[in-house]
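Sequence first, then the predicted structure, then my questions.
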Amino acid sequence: MMGRAFKQYALGPILLLYAQKSLRCLEIFGKGRKKIELKQEHEKRVVLETIVGLLPREKNALSVNLEKRMALQLGQAVLDDLLIPSYSFTGDTLFDVETMQRIMMNFLDHDMEENRLGDEEYNESHSLREMERAGKLMENYLAEIASDRNLSITSFINLAEVIPEQERITEDGMYRAIDIYFKAHPALSDMERKKVCGVMDCQKLSREACAHAAQNDRLPVQTVVQVLTMSSNVFAMSWTGAIL
């Protein structure tokens, strides 16, 4: 039996690190999914089921301190680092979306604190680079988890809203994530689709994204009209500039 001094939340990170090493060649889904032999797949499945069985049932098994340390490294992370499996037994999402949301919020809090205390000129340049990298990474994460049919509208929107809009040069990454989400959730009502599209600034879509969105029947009518209006304005300005 474990000693009382060994806190339950400490077990989660240990098992997570072990899982990442022992299941490295096994991907849950996505374009990079690899085919493995049946025997190897069985072995990996046994390992995974054993790990899941050992996980603590308490909520927030991943400690707050660990989440804060992960937030400090978010600017140097890659997508695979963020794909933390969800160990819920209620048929919830494949990945631990709530933990990633907290990590991103910790990252934003730390960035604000650094800007307040540190060298202003250095911090502004460094902060913008870190924020841009982290924002792009989170957009890729959002697109990766968007195909999960168990991902609720609330979870999708909450995660999208913690990605700083002011640091997004274009909204193409957000549009891609939204489109993937709509493909995986075809039963959404027009009102629900409109709500999801509210996290995207159509004025910051590239011409290529606008062209795709204008013909995308998965988008709500209001969003398509907005994209078409914006595209017409851009075309008119370009045409006027060419004449002058």
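Good, I have the coordinates.

In the chain, where is pLDDT below threshold?
Across the chain, the stretches falling below the confidence threshold (pLDDT under 70) are 1-65, 87-91, 115, 117-127, 231-244.

Which stretches in it count as strands?
Counting by DSSP state E, the chain forms no strands at all.

quick one, domains of it?
1-61, 62-169, 172-239 (automatic domain parsing).

Which residues are in contact with the residue lying closest to Glu132 once chain neighbours are set aside?
Closest residue to Glu132 apart from its sequence neighbours, by CB to CB, 6 or more residues apart in numbering: Glu167 at 5.4 Å. Yep, even glycine has a C-beta here, placed from its N, CA and C like the rest. With contact set as CB atoms under 8 Å, 6 or more residues apart in numbering, Glu167 has these partners: 128, 131-132, 135.

Let me see the ranges of the helices in the protein.
11-22, 38-54, 64-72, 79-82, 97-117, 120-145, 153-161, 172-184, 190-197, 207-214, 221-243 (DSSP state H).

Would you mind listing the buried residues in the shortest one?
When you say that, I think you mean helix 79-82. Leu82 (16 or more other CB atoms under 10 Å).

Next one: the residue nearest to Asn158 when sequence neighbours are not counted relative to Gly173, how far apart?
Leaving aside its sequence neighbours, Asn158 sits nearest to Gln101 (CB to CB, 6+ apart; 6.1 Å). Applying CB to CB, to the nearest Å, the value for Gln101 to Gly173 is 17 Å.

sorry, back to before: can you tell me how far the residue nearest to Glu132 is from Tyr141?
Distance from Glu167 to Tyr141, by CB to CB: 15 Å.

same check, this time on Phe182
Applying CB to CB to Phe182 and Tyr141 gives a distance of 18 Å.

try Arg168
For Arg168 relative to Tyr141 (CB to CB), the value is 14 Å.

And Gln166, by the same measure?
Taken as CB to CB, the span from Gln166 to Tyr141 is 19 Å.

Who has more neighbours out of these two?
Tyr141 (22 against 6; other CB atoms under 10 Å).

which residues does His110 contact?
Going by CB under 8 Å, 6+ apart, His110 touches 68, 71-72.

re earlier: my read: the residue nearest to Asn158 touches Ala160, true?
No: using CB atoms under 8 Å, Gln101 makes no contact with Ala160, being 9.9 Å away.
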